[in-house]
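Chemist: Need coordinates for the below:
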Amino acid sequence: MQTNPIFDALEPQAVWRHFAALCAIPRPSKHEGALLRHLARWADARGIAARSDAAGNLLLTKSASPGRENAPGVILQGHVDMVCERAPDAPQHDFHRDPICPEIADGWLVARHTTLGADNGIGVALALAAAEDTELAHGPLEILLTVDEEAGMGGAHGLEAGSLRGRFLLNLDTEEWGAFYLGCAGGVTVEADFDTRATGVPLPRDGREIHRLQLDNLLGGHSGIDIHKPRAHAIRQMLILLSRLGAAEDFDLLRMQGGTVFNALPRSAVADLALTPAQYAGFSSRLARHLQDLRREYPQETPSLTLTPAPESAQAERALAAATWRPLLRDILALPFGVAAMSQDFPGVVETSNNLSPLCLAPDSCRCSLLTRAQDDAARDAMAERIERQVRASGGNARREGAYPGWKPDPASFLLQRAQDVYRQTFGHEPRLEVIHAGLECGLFARSHPQLAMLSFGPDIRGAHAPGERVDIASVGHCWQLLRRLLTDLANI
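Modeler: You can find the predicted model right below:
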């Protein structure tokens, strides 16, 4: 295995050496096997016990330092998979085969054209570095490396009750240095589909030619952390644009597609239209005005909007007539979108939200996923039920998948108090206390292991789930310093 020499100059080497290996070994969700085999061999070579469970998670166990055998056990936890996103104009990248190739820019490690995988590769690297640190005094130590977190938390769902023996769990999967996270949102995905087979029209007709309408270069981002930010949502913007164009023109719609994964804000969308020559001629100025409006509304983004002849592969025998796709798009636009409520207990934190992605519309069907997040599980289920009712009222089918619970904050936690003391002594100021509107596996761990006291922290990561993801190098060093000192403190209880 060859690693990128860019990591050789980074400190702390104990952490960056492991992250270099994670960048070199592909690890998309549900395809983490090669990395897990590497880590099992690494553990065996160091006398660290390693076992895999039925869900595919890897659990490493290291005995306590001499004299710390009676200290409470600590579990360090991270997930090994990553979101795989590539910029549309970037060089080809096969996430199942090619390594991640980061670079250093202004104190950050960044992947220019792809996701970096700092979410949650840095957390995994921190845990592995602690496991092999021969100078670190610690109690009984477990390293839980879960799989499939980004695609439904399959590893955490499958963790067998009672398989963890520790008293404290440190989740290393948050992205704001200087903050301790005490709680997170739960989530559930509603899968919706509409049958359009009976409403297609044959092509070609009326001299219409197929053209491709493409919206690109939006910022995207994490569908939980970034949902409240003023960012353009590619699917929603394309639905709005098609509805506006269709209000005056009866063009045919062959297909529309946007988004790639349910937990990322979509950065691009495409639609293939069958247009008469007159319609095509009139669209140019209208698209230019819409693009100007988009740039004014989202000044931090640089969207592109093009209408070009469709490639040969887009040719089709059937399409949806305006009388069919107009009401369908209207009904999808009416589904809950974005932030539904803000938290009353934590100012500035989203309470409930919904993200639409991906969406695929074709002459025979329309399918879309809607990920609802909520700090309260009852609010999560109420939003999902509302979406299901609206989908069924529009003639579609809806089903829920992958529900996971939120993690309820415990501000009086003994673990939190010790961590605050260590942070204060180390850095000279108080840490922030936060909850996050994103899914952490802690909610599922609390269900399978109710004895655990849990806390989450991590380095500064920006742009997770989108190309250009980056991590602040200095903050990784701060995390390492905090983790070592906290483990030593807990070993002295």
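
Chemist: residue ranges for the helices of this structure, please.
Modeler: 13-24, 33-45, 118-132, 154-157, 234-246, 277-297, 322-333, 377-393, 414-427, 442-448, 473-491 (DSSP state H).

Chemist: For A127, see how far away R205 is.
Modeler: Noted for R205: a distance of 61 Å to A127, by C-beta to C-beta, to the nearest Å. In this view, the C-beta of every residue, glycine as well, is placed from N, C-alpha and C.

Chemist: Name the residue in the two with the higher neighbour count.
Modeler: The neighbour count for R205 versus A127, taken as other C-beta atoms under 10 Å, is higher for A127 (25 against 12).

Chemist: Make sure that one is actually in contact with L145.
Modeler: Yes - applying C-beta atoms under 8 Å as the test, A127 and L145 come out as touching, 7.4 Å apart.

Chemist: tell me, what's touching the two both at once?
Modeler: The contact sets of A127 and L145 overlap at 77-78 (C-beta atoms under 8 Å, 6 or more residues apart in numbering).

Chemist: Go through this protein and flag its longest strand.
Modeler: strand 350-362 (DSSP state E).

Chemist: so what does that one touch, helix or strand wise?
Modeler: Packing partners of strand 350-362 (3 or more C-beta pairs under 8 Å, 6 or more residues apart in numbering; DSSP states H and E): helix 234-246, strand 252-258, strand 264-265, helix 322-333, strand 338-342, strand 365-374, helix 377-393.

Chemist: Could you identify which of these is most buried?
Modeler: Of all those, strand 264-265 has the most neighbours on average by mean count of other C-beta atoms under 10 Å, namely a mean of 26.

Chemist: quick revisit: need the helices and strands packed on strand 350-362 in TSV with mean pLDDT and distance to K62, can you?
Modeler: As requested, these are exported to TSV (pLDDT from 0 to 100; distance: least, C-beta to C-beta, whole Å):
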stretch	mean pLDDT	distance to K62
helix 234-246	96	45
strand 252-258	96	46
strand 264-265	94	35
helix 322-333	95	51
strand 338-342	96	42
strand 365-374	96	35
helix 377-393	97	35
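
Chemist: could those be laid out in CSV, adding distance to R97?
Modeler: Shown next, in CSV, are the helices and strands packed on strand 350-362 (distance: least, C-beta to C-beta, whole Å):
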stretch, distance to R97
helix 234-246, 27
strand 252-258, 24
strand 264-265, 22
helix 322-333, 35
strand 338-342, 36
strand 365-374, 26
helix 377-393, 37
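
Chemist: What is the least confident helix or strand in the chain by mean pLDDT packed up against?
Modeler: The helix or strand of the chain with the poorest confidence is strand 200-202; it has a mean of 82 (mean pLDDT, DSSP states H and E). With contacts taken as 3+ C-beta pairs under 8 Å, 6+ apart, strand 200-202 sits against strand 318-320.

Chemist: other SSEs contacting the strand it packs on?
Modeler: strand 200-202, strand 252-258.

Chemist: Stretch 239-256 spans what distance, first to last residue?
Modeler: 9 Å (C-alpha to C-alpha, to the nearest Å).

Chemist: Between the helices and strands packed on strand 350-362, which one is closest to A21.
Modeler: strand 264-265 (25.0 Å; C-beta to C-beta).

Chemist: Residues touching the closest one, excluding its own?
Modeler: 83, 85, 218-223, 226-227, 231, 233-234, 355, 357, 465-466.

Chemist: Specify the residue ranges that define each domain of this protein.
Modeler: Taking automatic domain parsing as the reference, the chain has its domains at 5-184+406-491, 188-404.

Chemist: Quick one: residues in contact with stretch 310-321.
Modeler: 196, 199-203, 210-212, 250, 252-255, 272, 274, 328, 361, 363-364.

Chemist: which of the residues in that stretch are buried?
Modeler: 310, 316, 318-321 (16 or more other C-beta atoms under 10 Å).

Chemist: Next: stretch 429-443.
Modeler: 431, 434-443.

Chemist: Straight-line length of that stretch, end to end?
Modeler: 29 Å.

Chemist: what about that stretch, average pLDDT?
Modeler: Per-residue pLDDT values over stretch 429-443 give a mean of 95.

Chemist: contacting residues for the closest residue to A438 other than its chain neighbours?
Modeler: Using C-beta to C-beta, 6 or more residues apart in numbering and skipping residues adjacent in sequence, the residue nearest A438 is G224, 3.3 Å away. Contact partners of G224, counting by C-beta under 8 Å, 6+ apart, are 185, 187, 263, 350, 353, 373, 436-439.

Chemist: Mind doing that once more with 7 Å?
Modeler: With C-beta atoms under 7 Å, 6 or more residues apart in numbering as the criterion, the residues that contact G224 are 185, 373, 437-439.

Chemist: Could you report the distance from it to L486?
Modeler: 26 Å.

Chemist: What of F168?
Modeler: F168 is 9 Å from L486, by C-beta to C-beta.

Chemist: Please apply the same query to E249.
Modeler: On the measure of C-beta to C-beta, E249 and L486 end up 63 Å apart.

Chemist: now swap in L415 and tell me
Modeler: Taken as C-beta to C-beta, the span from L415 to L486 is 9 Å.

Chemist: between the two, which one's more packed in?
Modeler: Legend: neighbour count by other C-beta under 10 Å for L415 and L486, higher for L486 (24 against 21).

Chemist: If we ignore the residues flanking it in sequence, what's nearest the more buried one?
Modeler: Nearest non-adjacent residue to L486 (C-beta to C-beta, 6+ apart): V422, at 4.9 Å.

Chemist: Repeat that for S268.
Modeler: D216 (4.6 Å).

Chemist: go on, T372?
Modeler: Nearest one to T372, counting by C-beta to C-beta, 6+ apart, is M383 at 4.5 Å.

Chemist: List the contacts of that neighbour.
Modeler: 336, 340, 352, 354, 372, 374.
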